[in-house]
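This is a predicted model, with the sequence first.
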Amino acid sequence: MNDARWMAADTPEQFRTERTRGILYIEDNREIGQWVKEELEQRGYAVQWLTSGEGAEREVLEKDVVILDIMLPGLDGFTIGQRLKRAAPSVPILLLSARSAVDDKLAGLKFADDYVTKPFHIDELAARVEVLLRRNGSGIPKRLKLGQHIVVNMTENTVLNESTGEEIILTGKQHQILMYFLSRPNQILPKEHIFEAIWGEPYMEGDKTLMVHIRHLRKKLERNPDAPEIVETVRGIGYRVRL
Amino acid sequence: MKRFGSFFRRYLLFHFLVLISLPLLAIFLFAGVSPSEEPAGTLYEYRSMVVLIGLIFSVLICISWIFFYRLRQRLIRLQEAMAVPADGDRLPRPMSVRSARVDEIGQLEASFNRMVLQLEDSRRRELEEESLRRRLIANLSHDLRTPLTVIRGHASRLSKEPLSVEGRDSLGAIDHTITRVGELMDDLLAYTLLTSGKYPYHPVPTDIVRLARASIASWYPAFEQAGFHIEADLPLRTTFSWEVDPQWMTRVLDNLFQNILRHAGTGQYVGIAVNAELERLTIADRGPGMDEPSADRGAGIGLAITAHMLKEMKLQADWVSDENGTSVTICQAKN
């Protein structure tokens, strides 16, 4: 199903990294294969397109992400995907298929990282590839700008206030929260999800720990913590950091 | 061919034989063939008559008892064989019929066996047809999706060419229609699986406030981009659980939000509210109402899926819709 939620997910300009990301794309339909290859290449990826799984185990070692069709001549996508995962466990796999039954999705997601059904929208596919790369660490740029004055250096793990030139020192939890936001930019994150990801324990309704940490984080990052520009509150739902 | 031997006729024959043979035997014994030295009309004759009558009754009772005992045994066997298994899925098993007993009950047993075999055959054909239907829909869905993707690819290429405003509008309409057909095929497949009980269902205690918050969070950017005013009235300190499948519940909310985005865009409003005390979840819009025609309105398969899923999860949806908007309140079913 083409999900309206993915249509809004544009890739932020500053998320484009210096290095060209490699995609291994396995699709037997020539028209679809040619179209997707062209579109992804126009978006700055280096795409290697194969019409079957032959030789894929060798190629996957040099790629950042795999896009795999399920209905292929010879070995099907499920078998090829499992072999690719064994060959390169760290490379995320996105299954691209005309099979939309829940059973197929469940079988695919046992080894794959995402599942997109045809007829997909190319923007949705590109957005999902971007999310996989980001989750895998290969899509995050070295330098991110938040609001008008904060610069985060992802390799050195530093946060700088550009307007004053001072480095901002964050506590361990504040840093973890900021990194969690930056790994999911523009998404609205419910407070339960943030809490459980950072503290690793179930969220109890009414717990204000996260709120307190966000308040302290805002004091350090925002020009005016009462009218935050970086860590946005979405009333009744959660928080969002826009890039 | 087996000869029919009536069970009841045999019983009547035994009775007849007893009633004829025993008095004849008595006459033979007492009235000539074995002459008695006792004078006629004596106490001995009366006693002999009483013994004879007693003997006839005893033999008749004995024959009747044997008859009814055997009848009962066979009827009980038949009744046990006919009992439908408790799980309702299995059919009764055919029972063994002794070839020597081709009587009324034997015929009933044979008819019962024929009926069971016919039912088994019918069930087998039904399962085959169901499997064929599901395979057909799954294959159809697959076979249509690939060409739809190809069309989308060509439309995408065309959109990069210099086109008139009408041309661009047409391309937009093609893209929109492809999305819609894809969704309809998804819904059709899901509905087929749901109604045939093949859609995975794993109910667990589910925090509804948390689920509602995650759901609206994932739809927020889409509503925001479409210019909707979004209102989330979700309790911060209280919550409640329902014994539902979180995937199903998420799909229900997705269907409702998708519908608002698609049909209630003119209202530019979406609201979600959870009342933890009354254990109710409400989703509202300010669109033109459900009776108003919409360009994208289909056969309502998405709503049929929602209704089916809610019913399976023992929940109910109360709809209120007029020209000022629609709201749906989900709560636990009353009965």
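Cool, the structure landed.

Walking through the stretch 151-300 of chain B, point out its strands one by one.
Using DSSP state E, counting those that start in this stretch, the strands of the stretch 151-300 of chain B run over B:204-207, B:229-233, B:241-244, B:269-275, B:280-285.

Chain A is nearest to which of those strands?
With CB to the nearest CB as the criterion, chain A lies closest to strand B:229-233 of the strands of the stretch 151-300 of chain B, at 3.6 Å. Heads up, the C-betas are built off the backbone N, CA and C, glycines and all.

re earlier: need the winner for burial among the strands of the stretch 151-300 of chain B.
Highest mean neighbour count of these: strand B:280-285, a mean of 22 (counted as mean count of other CB atoms under 10 Å in any protein chain shown).

So what touches that strand?
B:208, B:212, B:253, B:256-257, B:260, B:264, B:267, B:269-275, B:325-331 (CB atoms under 8 Å, 6 or more residues apart in numbering or on different chains).

Equivalent analysis for stretch B:146-166, please.
A:29, A:31-32, A:34-36, A:39, A:98, A:118-122, B:167-168, B:171, B:174-175, B:178, B:181-182.

what stretches of the stretch 201-335 of chain B score poorly on pLDDT?
Applying pLDDT under 70 to the stretch 201-335 of chain B picks out residues B:292-299, B:335.

switch to 50 and redo it
For the stretch 201-335 of chain B, not a single residue meets the criterion pLDDT under 50.

residues in it within reach of chain A, list them.
Counting by CB under 8 Å from any CB of the partner chain, the stretch 201-335 of chain B comes close to chain A at B:209-210, B:213-214, B:216-222, B:224-225, B:232-239, B:258, B:261.

Report the buried members of those residues.
B:209-210, B:213-214, B:216-222, B:232, B:234-235, B:239, B:258, B:261 (16 or more other CB atoms under 10 Å in any protein chain shown).

Restricted to helices, list those.
Among those, the members falling in helices are B:209-210, B:213-214, B:216-222, B:258, B:261 (criterion: DSSP state H).

okay, now the domains of chain A?
If you go by automatic domain parsing, the domain ranges for chain A are A:4-135, A:143-241.

mean pLDDT lowest for which of those?
Ranked by mean pLDDT, the domains of chain A bottom out at domain A:4-135, with a mean of 85.

got the residue ranges for the strands in chain A?
Taking DSSP state E, the strands of chain A run over residues A:22-26, A:46-50, A:65-69, A:93-97, A:114-117, A:143-146, A:150-153, A:158-161, A:166-168, A:189-190, A:231-234, A:238-241.

What lies in contact with stretch A:66-79?
A:23-29, A:36, A:51-54, A:56, A:60, A:80-81, A:84, A:91-99, A:104, A:107-108, A:112, A:125, A:129, B:142.

what's the burial count for B:D143?
Neighbourhood size, B:D143 [other CB atoms under 10 Å in any protein chain shown]: 11.

Count the neighbours of the closest residue to it other than its chain neighbours for me.
Of all residues not flanking B:D143 in the chain, A:A98 sits nearest, at 7.8 Å (CB to CB, 6 or more residues apart in numbering or on different chains). As a burial measure, A:A98 scores 27 neighbours (other CB under 10 Å).

Quick check: the gap between A:A98 and B:I178.
Look at A:A98 and B:I178: by CB to CB, to the nearest Å, they are 13 Å apart.

now the one helix or strand B:Q107 maps to, how far from the chain's geometric center?
Here B:Q107, judged by DSSP states H and E, is contained in helix B:104-158. Relative to the mean C-alpha coordinate of its chain, helix B:104-158 is positioned 16 Å out (CA atoms, centre = their mean, to the nearest Å).

and what of stretch A:80-94?
Taking mean C-alpha positions (CA atoms, centre = their mean), stretch A:80-94 and its chain are 17 Å apart.

Okay, buried residues for that stretch please.
Result for stretch A:80-94 [16+ other CB under 10 Å]: buried residues A:80-81, A:83-85, A:88, A:91-94.

For chain B, tell me whether that stretch is touching it.
No: using CB under 8 Å from any CB, stretch A:80-94 never reaches chain B; the gap is at least 14.9 Å.

ok, residues contacting that stretch?
So stretch A:80-94 is contacted by A:26, A:53, A:56-57, A:60-61, A:63-68, A:72, A:95, A:108, A:111-116, A:125, A:128-129, A:132-133, A:135-136 (CB under 8 Å, 6+ apart).

Check stretch A:160-180 too.
So stretch A:160-180 is in contact with A:148-153, A:157-159, A:189, A:194, A:197-198, A:210, A:213-214, A:216-217, A:220-221, A:241, going by CB under 8 Å, 6+ apart.

how long is that stretch end to end?
Distance across stretch A:160-180, first residue to last, is 18 Å (CA to CA, to the nearest Å).

residues touching B:L256, list them.
B:283, B:306, B:328.

Please identify which of those residues is nearest to B:G197.
Of all these, B:G197 sits closest to B:T306, with 17.4 Å by CB to CB.

I'd say the closest one and B:N255 touch.
Yes: the pair B:T306 and B:N255 qualifies as a contact (CB atoms under 8 Å) at a distance of 4.8 Å.

got any residues that touch both of the two?
Counting by CB under 8 Å, 6+ apart, nothing touches both B:T306 and B:N255.

what about residue 123, how many residues close to it?
Let's take chain A. Neighbour count of A:D123, defined by other CB under 10 Å: 18.

Chain B was what I was after
For B:R123, the count of nearby residues is 13 (other CB under 10 Å).

ok, it to B:M82 distance?
B:R123 sits 17 Å away from B:M82, going by CB to CB.

ditto for B:E129
From B:E129 across to B:M82, the span is 27 Å (CB to CB).
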